[in-house]
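1. what follows is a predicted structure for the sequence shown.
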Number of protein chains: 2
Amino acid sequence: MGDVDQGLIGVVMNRTDVLSARERLRSSVHATPVLRSDYLDRRLKLSLHFKAEHLQHTGSFKFRGAMNAVNLLETSGFEGTICTHSSGNHGAALARAGRLAGYAVTVVMPMGANRLKAQSVVDEGGEIIWCAASNAARLEAVEALQRASNAHLVPPFDDDRIIAGQGTAALELLEVCADLDVLLVPVGGGGLLAGSLLAAEGVSVYGVEPALADDTARSVESGIRCGIDQSMTICDGLRASVGMRPFEMIHRDVAGILTVTEEAVTRATAQLWRDLKSWVEPSAATVLAAVNTYRDKFEGQKVGAILSGGNVDFSALQKAPYQRWLSDELSSRA
Amino acid sequence: MGDVDQGLIGVVMNRTDVLSARERLRSSVHATPVLRSDYLDRRLKLSLHFKAEHLQHTGSFKFRGAMNAVNLLETSGFEGTICTHSSGNHGAALARAGRLAGYAVTVVMPMGANRLKAQSVVDEGGEIIWCAASNAARLEAVEALQRASNAHLVPPFDDDRIIAGQGTAALELLEVCADLDVLLVPVGGGGLLAGSLLAAEGVSVYGVEPALADDTARSVESGIRCGIDQSMTICDGLRASVGMRPFEMIHRDVAGILTVTEEAVTRATAQLWRDLKSWVEPSAATVLAAVNTYRDKFEGQKVGAILSGGNVDFSALQKAPYQRWLSDELSSRA
């Protein structure tokens, strides 16, 4: 805010912004592996290429955008403190990025957030301010914090630096799999999806959203960005409403938004544990849930999918009916 | 069998046998990644390098030995059928290796074996013959099968071809981390440990064993190979007694055998899910359980550890007290 220009990259973003972020992040971000499963490919009759962002620093793609923003702040000579609001993964990512660069970081988090994500914020040296569990309360709390402390806001998704950073995951995936037909990306606030759209020119990019937090699907359909104040989806990383900047790019370029049920997400989570041997969180598993749900759409194609994170709230998955779907799927292959 | 010499590699094995297997397997085996966790390293005050064999074909290191044996059979012009006995992972691995080479594979499995491992044998085209859940019953059943069918036995661990193949995992790990101080390897029948001892000259190699199946620890201590007929450990891959050939090498070269409790294994399984984002089975988690249990021994060192597999029997983990340890550990970081 105030003394720092948020529009460092410019309002009209393009692939070059993602390429610059890639160079900037080369030494600080893991080039995560692309994982395959013979079994899933055979069962679904397609070729699936999973970008393993659960293996990124702090366990999610969020470190890419956070580190990009912090690097740009450092380059600009910024010397103050940083704040944000987050359901958890962006908060932990920014706390780590801030710690590496020597900035104090405060994170506004909604009550009831994933406990492991909150612990991770603290482990990385961040401070948490709790707020009520609504998107409106998050924004109010972070505005109050900014007024009180003059901290610089690094937003979780509605920010060009963040969008460019998040796009580097798709860029790396395309370096390994040049000829993808389709790319599937989870969408909460839309930073990862917007960045992926910039990075993946020529590929059909779909956003995937839980039906219980389908604001992006409704926004794209109506052409008017609409919000969601509070969602109970098990996908705790996808409860935010789509941001203004991401929505502009998504509305213009996305091939479609696919919605998935809570049962489909939970079963896909178990399948990724069991068949890909990857401990991903439900928000990440939406991409496999979409392949399972819309199977005919993707048959025979070369499909990329971003596994967005691995900070699983196991206590939430132990509640009914999630526990039943999970155990059922983990105990045998259908 | 009869018409094929099992001693293809020779009775006195050395590192060259593992190097030859590595060349033979280069195109058919995944060079699995080496995974790190900042969090675990910080908490345990050492540097841990995990060889991710849960990402190997059929979800365990067993495919290395099985494929090596099958490749050697092919080279020798063998045209019959193949059999084995297995708690699951070797069976699935051999079924796949056999399928790729065009050999029919029959697997003797003990009742009560991990259901996913049994499904995997069938998915890979193998046939299962069930036997009682003791090591003696396994050997009896496979002998009866050989008499009836004249099938060639590819044993799960007591075989030079298998030992050389399994050693390639440690060899690859050392290619990435040349200066390991210590290497930790789970031990059931001892094929992986014997192969690792051959591969890792100059490194202190420890075997890790559940206290409920501590026959190798007792054998190394007494100098006399002793068996275990039936174990109830949650580590379903480590219930076999140490084999004759592996024991000779283990007794000669191992730095020690470390035993771990069921609680330590279950908590370590949860930690590897949560902190390494890796869906490993309890047998694999023994290596982290050993680091947790014998922490002073390894502090400050560069430690390699082989994550042997990822075919988790979730229904077994849902029984008390395993379920409590697992949920407890997954719900927060201590």
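-> Great, that's in hand. The shown structure was predicted, so the numbers you read here are calculated from the model rather than taken from an experiment. Numbering: from 1, shown residues only, chains lettered A, B, ... in the order given.
2. got a pLDDT number for A:Met1?
-> Taken from the predicted model, the pLDDT recorded for A:Met1 is 31.
3. whoops, I mixed them up, A:Gln318
-> 94.
4. that one against B:Ser327, yeah?
-> Yes. Between A:Gln318 and B:Ser327 there is a contact at 6.6 Å, judged by C-beta atoms under 8 Å. C-betas here are computed from N, CA, C, even on glycine.
5. can you give me the strands for chain A?
-> Along chain A, the segments classed as strands by DSSP state E run A:34-35, A:47-52, A:82-85, A:105-110, A:127-131, A:152-153, A:182-186, A:204-210, A:256-260, A:302-307.
6. near chain B, which residues of chain A are found?
-> A:33, A:35, A:38-39, A:54-55, A:57, A:59, A:115-116, A:119, A:123, A:273-274, A:276-280, A:310, A:312, A:314-315, A:318, A:327, A:330-333 (C-beta under 8 Å from any C-beta of the partner chain).
7. recalculate using a threshold of 7 Å.
-> By the criterion of C-beta under 7 Å from any C-beta of the partner chain, the positions of chain A lying close to chain B are A:33, A:54-55, A:59, A:115-116, A:119, A:273, A:277-279, A:310, A:314-315, A:318, A:327, A:330-333.
8. give me the buried entries from those.
-> In terms of neighbour count (16 or more other C-beta atoms under 10 Å in any protein chain shown), the buried residues within the residues of chain A next to chain B are A:33, A:54-55, A:59, A:115-116, A:119, A:273, A:277-279, A:310, A:314, A:330-331, A:333.
9. in helices, which of those residues appear?
-> Cross-referencing these against helices under DSSP state H gives A:Arg115, A:Leu116, A:Gln119, A:Trp273, A:Phe314, A:Leu330, A:Ser331.
10. thinking again about what came up before, how about the strands of chain A in CSV, adding mean neighbour count and mean pLDDT?
-> Supplementary listing: those in CSV, determined by neighbours: other C-beta atoms under 10 Å in any protein chain shown; pLDDT from 0 to 100:
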stretch, mean neighbour count, mean pLDDT
strand A:34-35, 18, 95
strand A:47-52, 22, 98
strand A:82-85, 27, 97
strand A:105-110, 25, 96
strand A:127-131, 16, 97
strand A:152-153, 20, 97
strand A:182-186, 27, 98
strand A:204-210, 26, 98
strand A:256-260, 21, 98
strand A:302-307, 25, 98
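11. and chain A, split by domain according to the record?
-> Listed domain ranges for chain A are A:15-59+A:161-331, A:62-153 (source: automatic domain parsing).
12. mind checking which of the ones you listed is nearest B:Ala92?
-> domain A:15-59+A:161-331 (11.0 Å; C-beta to C-beta).
13. now do the same end-to-end measure for the closest one.
-> With C-alpha to C-alpha, to the nearest Å applied, domain A:15-59+A:161-331 spans 44 Å between its terminal residues.
14. next one: stretch A:203-215
-> Stretch A:203-215 has an end-to-end distance of 24 Å (criterion: C-alpha to C-alpha).
15. one more: stretch A:218-228?
-> Stretch A:218-228 has an end-to-end distance of 10 Å (C-alpha to C-alpha).
16. buried residues in stretch A:259-266?
-> When neighbours are counted by 16+ other C-beta under 10 Å, the buried residues of stretch A:259-266 are found to be A:Thr259, A:Val260, A:Glu262, A:Ala264, A:Val265, A:Thr266.
17. okay, that stretch in CSV with CA atoms only?
-> These are the backbone C-alpha positions of stretch A:259-266, laid out as CSV (Å, rounded to 0.1, in the frame of the first residue of the first chain):
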residue,chain,number,x,y,z
THR,A,259,-17.8,-28.1,-10.7
VAL,A,260,-17.3,-31.3,-8.5
THR,A,261,-19.3,-32.7,-5.5
GLU,A,262,-17.9,-33.2,-2.1
GLU,A,263,-18.1,-37.0,-2.5
ALA,A,264,-16.2,-36.8,-5.8
VAL,A,265,-13.5,-34.7,-4.2
THR,A,266,-13.1,-37.0,-1.2
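18. pLDDT score assigned to A:Ile9?
-> Looking at A:Ile9 specifically, the model assigns a pLDDT of 39.
19. then A:Ser134?
-> Predicted confidence (pLDDT) for A:Ser134: 86.
20. quick one: pLDDT of A:Val312?
-> If you check A:Val312, the pLDDT there is 97.
21. oh, I was asking about A:Gly112
-> 87.
22. wait, it sits on A:Ala132?
-> No. Counting by C-beta atoms under 7 Å, A:Gly112 does not reach A:Ala132; the two are 9.4 Å apart.
23. now for A:Asp179, how many residues are close by?
-> Neighbour count of A:Asp179, defined by other C-beta atoms under 10 Å in any protein chain shown: 8.
24. give the contact list for the residue of the stretch 101-250 of chain A at minimum distance from chain B.
-> Taking C-beta to the nearest C-beta as the measure, the stretch 101-250 of chain A has A:Gln119 as its residue closest to chain B, at 5.3 Å. For A:Gln119, the contacting residues are B:Ser332, B:Arg333, taking C-beta atoms under 7 Å, 6 or more residues apart in numbering or on different chains as the criterion.
25. how does it look with 10 Å?
-> Counting by C-beta atoms under 10 Å, 6 or more residues apart in numbering or on different chains, A:Gln119 makes contact with A:Gly88, A:Ala92, A:Ile128, A:Asn311, B:Ser332, B:Arg333.
26. nearest to chain B: which residue in the stretch 51-200 of chain A?
-> Minimum separation of the stretch 51-200 of chain A from chain B (C-beta to the nearest C-beta) falls at A:His54, amounting to 4.5 Å.
27. tell me the pLDDT at that residue?
-> Here, the pLDDT recorded for A:His54 equals 97.
28. how about the nearest residue to it, chain neighbours excluded?
-> A:Gly310 (2.8 Å; C-beta to C-beta, 6 or more residues apart in numbering or on different chains).
29. quick check: the one you found vs A:Ala169, distance?
-> A:Gly310 is 14 Å from A:Ala169, where distance means C-beta to C-beta, to the nearest Å.
30. go on, A:Asp328?
-> According to C-beta to C-beta, A:Asp328 and A:Ala169 sit 31 Å apart.
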